[in-house]
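Chemist: Below: sequence and its predicted model.
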Amino acid sequence: MKKTLFFLLIFIASELLLFAQDGTGPFRKDVVTRKKINSKFNELYMQNSEIGYLTFPYTQQGAPYDYLLTGYIVPHYYVFPTDWRIGLVITPAVRVRIMDGESKPVRTPSYIPGGTLYFKLNRDTAHYKYLSVALFHHSNGQDGAPLNLDGSVNLYNGNFGTNFIEVGLNFGSQTETKNRYFKLGLEAHSGLIEKWDEPAFRGRYGNLRVNYKMSGAKYITHFADFVKTKALKKPTTKKTQELWRTVFEGMVIIDPNVSMEWYKLFNAELKVYRKIGNSPNTSWFFSAGYLGQDYYNVYFEQNYPVVRFGLAAGSSFFQRTKYKDPEKEEEAFKY
């Protein structure tokens with residue numbers, strides 16, 4: 001089984017690298033046109049990527065513990081050239097929560113390194129579709145016993161570890177003033193095959209999940225561009241910058257090996273982002289939702305309503321021109 005899976009992955013990787021080269025493949029009509037389209041899709045991958053955050057002191061409420069600060073650090077390293085047909089993004093994400101206590105400890109932070117491959121499914125950036133395949137590791141860097149003597153989870157220094165793959169269908173539409181994005185993904189953890197996970201949590205941790213995400217972003221033409229160009233007596237150029245973004249996302253556990261109350265089987269959260277002035281990648285954010293299974297390593301059995309407020313940042317906020325009306329595109333951009 002392991003050998004079969006290994007050779008299957010090697011075959012897929014070789015095929016992907018073959019298709020990544022612009023000199024081959026079924027769409028050899030116009031190399032320049034295809035590279036431009038690939039670059040536009042790479043901008044979409046960035047635009048719809050996950051956003052990190054940092055809460056202000058005591059502004060994450062609802063959890064059983066008081067947190068001085070909570071943070072989600074999620075940098076994205078775009079490895080492949082932007083004009084390739086596929087995109088590879090390496091993401092060494094980290095979640096931290098500083099507890100309110102005598103020493104203000106960061107209790108068992110989550111380390112979530114991994115990467116995502118993106119494949120465009122059509123060539124229309126106004127009504128786009130692409131596939132994502134992500135592989136991640138999640139652990140907390142602890143080596144203590146995962147369970148206490150009474151069978152409860154060891155939250156102090158209990159070991160946590162899992163590996164998971166997610167296959168996602170991503171699609172949406174965009175104009176000069178907005179972007180609508182949807183994602184539906186299937187996430188499978190290594191605990192399903194009883195490999196590379198913490199055995200003590202099998203039957204308690206959701207190893208098979210359906211993830212969902214709906215997002216809407218609004219863009220404006222930056223006023224400073226007009227002031228600058230008029231002052232310098234240059235032609236006015238049109239650049240867009242994100243103003244608002246609303247995201248509704250969550251997951252549903254469908255693991256057949258898990259038996260628990262219905263209210264522990266799902267997460268749902270609404271997030272609102274407001275860009276800060278001319279900042280290239282930072283916004284205010286507010287979120288409210290419910291966690292049936294917390295995503296913070298050994299704290300996964302906690303379930304509670306949650307409210308957050310703070311700053312959010314990410315490569316998806318970078319200012320750039322994102323869209324051009326297909327009716328005004330050059331003929332070379334039509335397929």
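Modeler: The structure has been received and is ready for your questions.

Chemist: burial measure for residue 152, as a count.
Modeler: 10 (other CB atoms under 10 Å). Where C-beta positions appear, they are placed from N, C-alpha and C, glycine not excepted.

Chemist: typo on my end, residue 311
Modeler: 17.

Chemist: so what's it bridging to?
Modeler: residue 54, residue 284 (DSSP bridges).

Chemist: Enumerate every residue touching the most centrally placed residue in the chain.
Modeler: What sits nearest the mean C-alpha location of the chain, by CA atoms, centre = their mean, is residue 50, with 3.0 Å. Counting by CB atoms under 8 Å, 6 or more residues apart in numbering, residue 50 touches 74, 76, 91, 93, 314, 316.

Chemist: give me that answer again for 6 Å
Modeler: Applying CB atoms under 6 Å, 6 or more residues apart in numbering to residue 50 gives the contacts residue 74.

Chemist: Assign a three-state SS to it, would you?
Modeler: coil (DSSP: H, G, I helix; E, B strand; the rest coil).

Chemist: Would you mind stating the distance between it and residue 163?
Modeler: 18 Å (CB to CB, to the nearest Å).

Chemist: Residue 136 too?
Modeler: In terms of CB to CB, residue 136 sits 7 Å off from residue 163.

Chemist: quick one: low-confidence ranges for this protein?
Modeler: 1-29, 222-239, 318-335 (pLDDT under 70).

Chemist: got the residue ranges for the helices in it?
Modeler: 2-20, 31-47, 223-231 (DSSP state H).

Chemist: what about the nearest residue to residue 37 once chain neighbours are set aside, distance to residue 88?
Modeler: Excluding its sequence neighbours, the residue lying closest to residue 37 (CB to CB, 6 or more residues apart in numbering) is residue 123, at 5.4 Å. Distance, residue 123 to residue 88, using CB to CB: 20 Å.

Chemist: To what extent is the residue nearest to residue 171 when sequence neighbours are not counted buried, counted in neighbours?
Modeler: Nearest residue to residue 171 in three dimensions, chain neighbours excluded: residue 129, at 4.4 Å (CB to CB, 6+ apart). By other CB under 10 Å, 15 other residues sit near residue 129.

Chemist: Residue 129 contacts residue 123, doesn't it?
Modeler: No: in this structure, residue 129 is not within contact of residue 123 by CB atoms under 6 Å, at 9.6 Å.

Chemist: Just read off the phi/psi values of the closest residue to residue 259 other than its chain neighbours.
Modeler: Once flanking residues are discounted, residue 259 sits nearest to residue 203: 7.4 Å by CB to CB, 6+ apart. Here is the backbone geometry of residue 203 (degrees, to the nearest 10): phi 90, psi -10.

Chemist: wait, doesn't residue 218 sit right on residue 244?
Modeler: Yes: applying CB under 6 Å, one finds residue 218 in contact with residue 244, separated by 4.6 Å.

Chemist: Can you pull the residues that touch both of these two?
Modeler: Counting by CB under 6 Å, 6+ apart, nothing touches both residue 218 and residue 244.

Chemist: Enumerate every residue touching the residue nearest to residue 201 when sequence neighbours are not counted.
Modeler: Closest residue to residue 201 apart from its sequence neighbours, by CB to CB, 6+ apart: residue 146 at 6.6 Å. Going by CB under 6 Å, 6+ apart, residue 146 touches 154, 158, 159, 198, 200.

Chemist: what's the answer for residue 155, then?
Modeler: residue 298.

Chemist: switch to 8 Å and redo it
Modeler: Contacts of residue 155 by CB under 8 Å, 6+ apart are 107, 108, 298, 299.
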